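Chemist: pasting a predicted model and its sequence here:
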Amino acid sequence: MTKRTRRQFLKDSMLAAAAVTAPMISGSAEARSSSANERLRCAVVGCKGRGGSHIIAFSDREDCEIAYIVDIDEKVGQDRCNSIEKSTGRRPRFVRDMREAFDDKSVNIVSTATPNHWHALCGVWAMQAGKDVYIEKPISHDIPEGAALVAAAKKYKRMCQVGTQCRSNAALLGAMKFIEDGGIGEVNFARGLCYKRRGSIGPLGDYSIPQEVDFDLWSGPAPYTTPKLTRERFHYDWHWQRLYGNGDSGNQGPHQTDIARWGLGINRHPRSVIAYGGRLGYQAERKDPNYVDAGDTANTEIAIYDYGDKCMVFETRGLSVDNSADLEISTMFESTRGNRIGVIFYGTEGYLVQKTYTYCMVLDLKGKLVKEFKGGGDHFDNFVQAVRSRRAQDLNSDAFQGHLSAALAHLANISYYLGEDNKVSVKEAKAVLENVKSRDNNILTLSRTVRHFQDNGVDLDKYRMSMGPLLEFDPREERFTNSAEANKVLHREYRKPFICPVAEKV
């Protein structure tokens, strides 16, 4: 794709993030889904874990019916079918391969909670088959996949909702409007937090694949490694292996970075990123200096995003988080024990703190509570209403917003992975960060991170942090401008036939 063509594509995507109203074609899935009296037939793809919430959301509705359960684990899938039949009186059909459900023209909606490496291809395939899709965050496993989903939603005139459900919650809607109206003055900086304890996923080794699992289909676009796993637990722990997941940067992160972008009024990619941290601490926990955890994503990672006029920092911590070094953050999250997950907006006249998915508070510059925002919402209902209206602008979190938020995780991880072997002392890390443009106090954030490691028994003289390179990024071209090495890992190689097309070929 030429530079001009790609610029035009991205410009069109930004200006037309909400696709035009689709024409009604008699007898089509689109026409049927627009009828208020028609029950929408849904296929849930990936039904363990978060997929259970998708099942509840659609099976509890009178206007929806779960027609298919799709999962590569026969036992998990059949158990879900049994539960749905018991609660609704209707048994969905179970299939292992999502393409069987997509071939059924009577299916209107595809709702997917597969592992991350399947999200984009599932979404593109579904939209090409004429289905509207609800895709869990992160919408993609790499940046070009996100662009492909934006292009597919526009080309096929499909509703594509992303599972960043805070976009539909009353507390966040009110809080973001408060920031927009100048409630805490000028706001140019936000800090996202994922202080969430994550234990080791077990020692690196060879483990058997569960008998009920079709590992070829599960692997899909990812390499088919061997008939053996390298982690103990098959389900869920894929999050911490980069072939399939994106660490907490891409697991929890897209919720907080999405909110941070929202409050800062940013609808573009950053101009640069740098990330540092490591997968450290499990050696001390296991009292084995040679212990090798099966995960290969960071459990502690700090990312600094520069937008020129604005800045965002996202902090991921996977070890114990109750340490005294976080005085500022502990004060703002004083009623939250253990995990601290949220966003802090720094205004010239105060702070706005997102503490939970359904609660935000406003503090003055002295830390006194002055206002609260409360309340949840129904992100799935928002999706269904947009499916009915055929108005993409009705979606609270469309493919474009999901793409921007997922890309933040991918950008940070690329910096971290490229610097994984660049082990630095605390002094060396300080020297690097003193020269990084930011609206944060980079050295104070570093010192809190160092204290976090030390409080968890990490000897930073022996187990040093990794410092990624400062990567400059062209938001329109979606390419790095100062690193050919980084551009090489922007997009992964696929395994046939599980190939997700790039944006211009959807």
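Modeler: Arrived safely, thanks for sending.

Chemist: for the closest residue to Y236 other than its chain neighbours, give me its contacts.
Modeler: What sits nearest to Y236 in space, not counting adjacent residues and going by Cβ to Cβ, 6 or more residues apart in numbering, is G49, at 6.1 Å. The C-beta positions use only the backbone N, C-alpha and C, and glycine is treated the same way. The contact partners of G49, by Cβ atoms under 8 Å, 6 or more residues apart in numbering, come to 113, 235-236.

Chemist: and I443, its phi and psi?
Modeler: phi -70, psi -40 (degrees, to the nearest 10).

Chemist: give the contact list for it.
Modeler: 430, 433-434.

Chemist: swap in G77?
Modeler: With contact set as Cβ under 8 Å, 6+ apart, G77 has these partners: 47, 69-71, 94, 96.

Chemist: tell me the helix or strand right after the helix or strand hosting it.
Modeler: Using DSSP states H and E, G77 maps to helix 74-88. Next in sequence after helix 74-88, counting helices and strands by DSSP H and E, comes strand 93-95.

Chemist: give me the buried positions along the next helix or strand after that next one.
Modeler: Next in sequence after strand 93-95, counting helices and strands by DSSP H and E, comes helix 98-102. By 16 or more other Cβ atoms under 10 Å, the buried positions in helix 98-102 come out as 98, 101-102.

Chemist: now tabulate those residues in a markdown table and tack on pLDDT and distance to I329.
Modeler: Output for the buried residues of helix 98-102, formatted as a markdown table (pLDDT from 0 to 100; distance: Cβ to Cβ, whole Å):
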| residue | pLDDT | distance to I329 |
| --- | --- | --- |
| M98 | 98 | 41 |
| A101 | 98 | 45 |
| F102 | 98 | 45 |
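
Chemist: Y244 and P221 touch, don't they?
Modeler: No: taking Cβ atoms under 8 Å as the definition, Y244 is not a contact partner of P221, at 9.8 Å.

Chemist: who's more crowded, the two?
Modeler: Higher neighbour count among Y244 and P221: P221, with 23 against 20, using other Cβ atoms under 10 Å.

Chemist: list the contacts of the residue nearest the centre of the chain.
Modeler: By Cα atoms, centre = their mean, the chain has its centre lying nearest to P138, at 2.8 Å. For P138, the contact set (Cβ under 8 Å, 6+ apart) comprises 116, 119, 246, 250-251, 253-254, 402, 405-406, 409-410.

Chemist: rerun at 7 Å
Modeler: 116, 119, 246, 250, 254, 406, 409 (Cβ atoms under 7 Å, 6 or more residues apart in numbering).

Chemist: now the buried members of those residues.
Modeler: Of those, these count as buried by 16+ other Cβ under 10 Å: 116, 119, 246, 250, 254, 406, 409.

Chemist: from these, which land in helices?
Modeler: When those are checked against helices (DSSP state H), the matches are 116, 119, 250, 254, 406, 409.

Chemist: so for the third one, what's the nearest residue that isn't a sequence neighbour?
Modeler: Distances taken as Cβ to Cβ, 6+ apart place A409 nearest to G250, at 3.7 Å, with adjacent residues excluded.

Chemist: could you do the second one as well?
Modeler: Nearest-residue entry for H119: I135, 5.5 Å, with adjacent residues in sequence omitted and distances by Cβ to Cβ, 6+ apart.

Chemist: so what are the domain limits for the protein?
Modeler: Annotated domains of the chain cover 3-167+380-397, 190-198+246-377+405-489 [automatic domain parsing].

Chemist: and the end-to-end length of the longest one?
Modeler: What that stands for is domain 190-198+246-377+405-489. Counting by Cα to Cα, to the nearest Å, you get 28 Å between the two ends of domain 190-198+246-377+405-489.

Chemist: contact partners for V213?
Modeler: 72-73, 234.

Chemist: same question for E315.
Modeler: Counting by Cβ under 7 Å, 6+ apart, E315 makes contact with 191-194, 302.

Chemist: I'd assumed it was in a strand, is it?
Modeler: Yes: using DSSP: H, G, I helix; E, B strand; the rest coil, the assignment for E315 is a strand.

Chemist: quick check: it vs S249, distance?
Modeler: Taking Cβ to Cβ, to the nearest Å as the measure, E315 falls 10 Å from S249.

Chemist: quick one, strands of the stretch 201-350 of the chain?
Modeler: Using DSSP state E, counting those that start in this stretch, the strands of the stretch 201-350 of the chain run over 207-208, 228-229, 272-278, 300-306, 311-317, 340-347.

Chemist: which stretch in those strands is the model least sure about?
Modeler: Confidence, taken as mean pLDDT, is least for strand 228-229 of the strands of the stretch 201-350 of the chain (a mean of 88).

Chemist: neighbouring strands - and their directions - for that strand?
Modeler: In the sheet, strand 228-229 lines up against strand 207-208 (antiparallel) (DSSP bridges).

Chemist: quick check: closest non-adjacent residue to K355.
Modeler: Closest residue to K355 apart from its sequence neighbours, by Cβ to Cβ, 6+ apart: G342 at 5.0 Å.

Chemist: hey, what's that neighbour bridged with?
Modeler: L193.

Chemist: what's the burial count for it?
Modeler: Residues lying near G342 (other Cβ under 10 Å) number 25.

Chemist: which residues touch C360?
Modeler: Neighbouring residues of C360 by Cβ under 7 Å, 6+ apart: 171-172, 175, 352-354, 373.

Chemist: which one in the contacts of G77 is the model shakiest on?
Modeler: Within the contacts of G77, C47 has the lowest pLDDT, namely 95.

Chemist: that residue touches I55, doesn't it?
Modeler: Yes: C47 lies in contact with I55 (Cβ atoms under 7 Å); the separation is 6.2 Å.

Chemist: what touches both of those two?
Modeler: Counting by Cβ under 7 Å, 6+ apart, the residues touching both C47 and I55 are R80.

Chemist: who's in contact with L433?
Modeler: When contacts are counted by Cβ under 7 Å, 6+ apart, L433 is found next to 442-443, 446.

Chemist: and it, how far from G468?
Modeler: Taking Cβ to Cβ, one finds L433 at 11 Å from G468.

Chemist: please name the nearest non-neighbouring residue to S83.
Modeler: The shortest distance from S83 to any non-neighbouring residue, by Cβ to Cβ, 6+ apart, is to I55 (7.7 Å).
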